[in-house]
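>>> Need a 3D model of the following:
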Amino acid sequence: MIKTNEIKKRHRILIVDDQELNRDILETILEDEYELCFAENGKEALECMQQDVDNLSLVMLDLIMPVMNGFEVLEEMHKDEDLRKLPVIVLTSEKEAELKALELGAVDFITKPFDIHRVILARVARIIELSDGRQLISKAERDKLTMLYTRNFFYEYATRLFTYHPETHYDAIVLNIEQFHSINAVNGREFGDNILSSLGGIIRTFLSETTGIAGRFEADSFCIYCAQRDNYKLVLTHFQNEIDAAFPNVNVHLRMGVMLWQEDLNPITMFDHASTACSKVRGNYSNPLMIFNEEMRQKEILDRRLLNDLKNAVEQNQLKVFYQPKYDIQCNPPKLVSAEALIRWVHPELGFITPGAFIPLFEGNGLISVVDNFVWQNTTEQIAKWKKKFDFELPVSVNVSRSDIFDGALIEKLNELIEKNGLNHNDLKLEITESAYTQDAEDIVALIKKLKEAGFVIEMDDFGSGYSSLNMLSAMPVDVLKMDMKFIRNIAVNETDRRLVTLILDIAKHLNLTVIAEGIEYREQLDILKKAGCRIVQGYYFSRPVPAEEFEEIIINEINTERN
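Below you'll find the model as predicted:
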């Protein structure tokens with residue numbers, strides 16, 4: 001029998017006791033402060049809790065009862081994730097039962113017979129207060145969608161495991177979903193949330209079979225801190241199979257980075273490494289698992305050093321602008337017609353740093369605009385110097401990165417540099433990598449139209465390295481195509497590559513676009529391109545990129561050739 005008093009109170013307490021006298025006494029003590037409900041045995045108590053768990057604040061539980069005793073109730077509550085959260089005060093007259101009840105999850109005791117009423121009220125109030133505080137923390141510590149820990153709580157509990165359980169070797173796992181933003185865009189946010197929720201459940205089931213904790217950070221980033229395992233490929237395969245079974249009509253691909261336990265590494269550092277490993281296999285559908293290794297650690301150290309040193313590099317002129325000439329090969333001899341500005345870094349301690357070591361790094365961290373602005377400023381100043389010194393027109397191409405494109409002040413900055421150095425807009429050509437056009441295409445096209453209206457020449461760099469290149473050409477307001485060097489590399493020995501080059505040149509001619517071939521290293525490549533009708537080329541066959549002072553020799557040679 002379940003009985004509820006009529007007065008609605010803020011907190012609801014379930015009193016479980018087979019003795020009516022005991023229930024009446026507790027009702028008299030508590031009814032002015034709390035809403036009460038009653039059960040006569042453990043079976044009724046469990047039914048009441050299961051029906052009303054969200055509204056209950058406390059259970060006061062007798063241990064010795066018919067049908068189901070208090071110990072059995074505690075055992076059943078421990079098995080249920082929701083019931084386990086309810087605080088339980090045990091009602092007992094047997095001191096020896098207290099330890100067992102504590103081990104089963106009880107939080108306090110009230111001894112029978114019930115004598116000091118104010119003590120009972122104080123204990124009940126204190127337990128409810130502590131429980132309310134715990135529930136508030138619990139709501140903040142769990143991600144609502146996956147029921148995994150949020151970032152701050154995850155790191156707090158992982159640090160505790162690391163500190164207080166050094167005997168267990170914990171590995172760090174970072175799990176991501178490939179192209180999750182695309183899944184959301186195609187199928188809707190609700191569908192994406194279902195995937196995240198399902199993956200959270202899969203991870204919770206995995207952790208129920210091992211020691212560890214898991215958290216969900218932003219978007220589709222999951223972290224697992226678990227006891228070391230022998231084969232993480234099996235773990236990833238298991239996760240993937242479970243996701244495939246849950247979503248059979250959608251391709252959901254997981255990737256995983258792992259940092260194996262090291263005695264001297266705390267969890268935060270380990271997960272930084274695991275995240276780096278996970279990023280390394282982005283887009284690698286054939287091998288989506290990476291274990292962090294020493295080579296990657298050294299790369300991380302270098303990357304961090306370069307990010308920290310960029311400001312000094314700009315202020316101390318460690319960055320150097322080099323120039324590579326471009327020639328019109330339809331003239332005889334080939335004629336110098338323009339150049340490309342390329343950045344180099346001469347570090348005072350690390351020496352010469354190749355662009356491949358820092359350009360992608362700065363692009364990924366949003367710092368590439370710092371480098372680009374440095375190049376624009378130095379290049380416009382250099383063009384002006386050459387004009388004055390040699391009375392020689394030499395347009396120079398500079399790179400415009402994706403992050404620059406979304407700088408609202410881009411056109412203003414470029415115009416200011418042109419005006420400050422007394423240049424014309426066609427003195428500074430703007431190279432935009434083809435891949436930049438594949439996302440936010442409408443916004444980029446609108447900006448390029450404004451740049452062209454201002455008088456700038458727009459070059460599509462690395463043409464052929466992206467997607468749907470030929471299809472996008474008619475919609476892109478560009479003036480010049482720079483063929484990616486991978487087309488040029490084998491044209492002397494590969495018939496397919498020669499045909500592709502010829503096709504690109506024919507299409508460009510119909511669209512009234514100039515084509516520049518880069519990466520020319522051999523005479524055979526030059527002859528093939530000239531015969532196919534390509535006009536402008538650049539590459540080591542003519543010159544490597546050189547500092548401004550060396551490039552002046554190239555200008556002088558060109559002037560002398562023209563005079564002769």
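>>> Pull the one helix or strand Arg204 maps to out as PDB, backbone CA atoms only.
According to DSSP states H and E, Arg204 maps onto helix 189-207. Only the C-alpha atoms of helix 189-207 are listed here, as PDB (Å, rounded to 0.1, in the frame of the first residue of the first chain):
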ATOM      1  CA  ARG A 189      20.700  18.600 -37.300                       C
ATOM      2  CA  GLU A 190      18.300  16.100 -35.600                       C
ATOM      3  CA  PHE A 191      19.700  13.200 -37.600                       C
ATOM      4  CA  GLY A 192      23.300  14.300 -36.600                       C
ATOM      5  CA  ASP A 193      22.200  14.500 -33.000                       C
ATOM      6  CA  ASN A 194      20.900  10.900 -33.200                       C
ATOM      7  CA  ILE A 195      24.400   9.800 -34.500                       C
ATOM      8  CA  LEU A 196      26.100  11.500 -31.600                       C
ATOM      9  CA  SER A 197      23.700  10.100 -29.100                       C
ATOM     10  CA  SER A 198      24.100   6.600 -30.500                       C
ATOM     11  CA  LEU A 199      27.900   6.900 -30.500                       C
ATOM     12  CA  GLY A 200      27.700   8.100 -26.800                       C
ATOM     13  CA  GLY A 201      25.800   4.900 -26.000                       C
ATOM     14  CA  ILE A 202      28.300   2.700 -27.800                       C
ATOM     15  CA  ILE A 203      31.100   4.300 -25.800                       C
ATOM     16  CA  ARG A 204      29.300   3.900 -22.500                       C
ATOM     17  CA  THR A 205      28.700   0.200 -23.300                       C
ATOM     18  CA  PHE A 206      32.400  -0.200 -24.100                       C
ATOM     19  CA  LEU A 207      33.400   1.400 -20.800                       C
END
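>>> ok now the helix or strand just after it, how far from the chain's centre?
Remark: after helix 189-207, the chain's next helix or strand is strand 212-216, criterion DSSP H and E. Counting by CA atoms, centre = their mean, to the nearest Å, strand 212-216 is centred 17 Å from the centre of its parent chain.
>>> Quick one: residues contacting Leu306.
Going by CB atoms under 8 Å, 6 or more residues apart in numbering, Leu306 touches 353, 357-358, 361. Using the backbone N, CA and C atoms, a C-beta is placed for each residue, glycine as well.
>>> That one should be in a helix, yeah?
Yes. Assessed with DSSP: H, G, I helix; E, B strand; the rest coil, Leu306 lies in a helix.
>>> Of the contacts of Leu306 - the most surrounded one?
When neighbours are counted by other CB atoms under 10 Å, Phe358 leads those with 25 neighbours.
>>> I figured it was touching Trp345, is that so?
Yes. Counting by CB atoms under 8 Å, Phe358 touches Trp345, with 6.1 Å between them.
>>> ok, Met296 to Phe217 distance?
Met296 sits 21 Å away from Phe217, going by CB to CB, to the nearest Å.
>>> Break down the stretch 151-300 of the chain into its helices, ranges please.
151-164, 180-187, 189-207, 232-246, 267-280, 294-315 (DSSP state H, counting those that start in this stretch).
>>> which helices and strands sit right next to the third one?
Secondary structure elements in contact with helix 189-207, counted by 3 or more CB pairs under 8 Å, 6 or more residues apart in numbering; DSSP states H and E, are strand 170-177, helix 180-187, strand 212-216, strand 222-227, helix 232-246.
>>> can you tell me which of the ones you listed the model trusts least?
Among the helices and strands packed on helix 189-207, helix 180-187 has the lowest mean pLDDT, at a mean of 85.
>>> got the contact list for that one?
177, 191-192, 195, 219-220, 250, 252.
>>> let's go with 6 Å and repeat that
192, 220 (CB atoms under 6 Å, 6 or more residues apart in numbering).
>>> Same check on stretch 268-277?
Where contact means CB under 6 Å, 6+ apart, the residues beyond stretch 268-277 that reach it are 172, 174, 223, 257-259, 290, 292, 296, 300.
>>> roughly how far is that stretch from the heart of the chain?
Offset of stretch 268-277 from its chain centre (CA atoms, centre = their mean): 12 Å.
>>> Would you indicate which residues of that stretch are buried?
Buried residues in stretch 268-277, counted by 16 or more other CB atoms under 10 Å: 270-277.
>>> Stretch 291-304 too?
By neighbour count on 16+ other CB under 10 Å, the buried set for stretch 291-304 is 291-292, 296, 303.
>>> got the contact list for Lys326?
Applying CB under 6 Å, 6+ apart, the residues near Lys326 are 337-338, 536, 538.
>>> Kindly recompute the last result at 10 Å.
Listed by CB atoms under 10 Å, 6 or more residues apart in numbering, the contact set of Lys326 reads 334-340, 394-397, 429, 482, 516-518, 535-539, 542-543.
>>> Any of those buried? List them.
Buried subset of the contacts of Lys326 (neighbour count, 16+ other CB under 10 Å): 334, 336-340, 394-397, 429, 482, 516-518, 535-539, 542-543.
>>> Keep only those of those that are in strands.
Residues of the buried ones among the contacts of Lys326 located in strands (DSSP state E): 336-340, 396-397, 429, 482, 516-518, 536-538.
>>> how far away is Val258 from Arg204?
Counting by CB to CB, the gap from Val258 to Arg204 is 19 Å.
>>> no no, Ser275
For Ser275 relative to Arg204 (CB to CB), the value is 21 Å.
>>> same thing with Leu175?
In terms of CB to CB, Leu175 sits 13 Å off from Arg204.
>>> buried residues in the host helix or strand of Asp497?
Assigned by DSSP H and E, Asp497 belongs to helix 495-510. Using 16+ other CB under 10 Å as the test for burial, helix 495-510 gives 497-498, 500-502, 504-505, 507-508.
>>> got the CA coordinates for stretch 534-552 in CSV?
Output in CSV follows, covering the C-alpha atoms of stretch 534-552 (Å, rounded to 0.1, in the frame of the first residue of the first chain):
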residue,chain,number,x,y,z
CYS,A,534,51.2,27.5,-73.6
ARG,A,535,52.5,31.1,-73.3
ILE,A,536,53.7,31.6,-69.7
VAL,A,537,55.9,29.3,-67.6
GLN,A,538,57.9,29.3,-64.5
GLY,A,539,60.2,26.8,-62.9
TYR,A,540,63.8,25.7,-62.0
TYR,A,541,64.6,25.4,-65.7
PHE,A,542,64.8,29.2,-65.8
SER,A,543,65.4,30.0,-62.1
ARG,A,544,64.7,28.9,-58.6
PRO,A,545,63.1,31.5,-56.3
VAL,A,546,65.7,34.0,-55.3
PRO,A,547,66.1,37.0,-53.0
ALA,A,548,65.3,40.4,-54.4
GLU,A,549,69.0,41.4,-54.8
GLU,A,550,69.6,38.3,-56.9
PHE,A,551,66.5,38.8,-58.9
GLU,A,552,67.9,42.2,-60.0
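>>> Figure out how far it is from the centre of its chain.
38 Å.
>>> can you pull the contacts of Leu414?
Neighbour list for Leu414: 376, 380, 398, 400, 404, 425, 428, 430, 451, 454, 456 [criterion: CB under 10 Å, 6+ apart].
>>> Which pLDDT value belongs to the fifth one?
Going back to what we said before, that points to Asp404. The model's pLDDT for Asp404 equals 88.
>>> quick one: it from Thr433, how far?
11 Å.
>>> Next, Val370: secondary structure please.
Three-state call for Val370 (three-state DSSP): helix.
>>> still on that earlier bit, any of the contacts of Leu414 buried? List them.
376, 380, 398, 400, 404, 425, 428, 430, 451, 456.
>>> of all those residues, which two lie farthest apart?
Taking CB to CB, the two most distant members of these are Asp404 and His425; they sit 16.7 Å apart.
>>> follow-up on the earlier one: would you reformat the buried residues of stretch 291-304 as CSV and include distance to Met460 and pLDDT?
Shown next, in CSV, are these (distance: CB to CB, whole Å; pLDDT from 0 to 100):
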residue, distance to Met460, pLDDT
Ile291, 39, 93
Phe292, 37, 92
Met296, 33, 84
Asp303, 29, 88
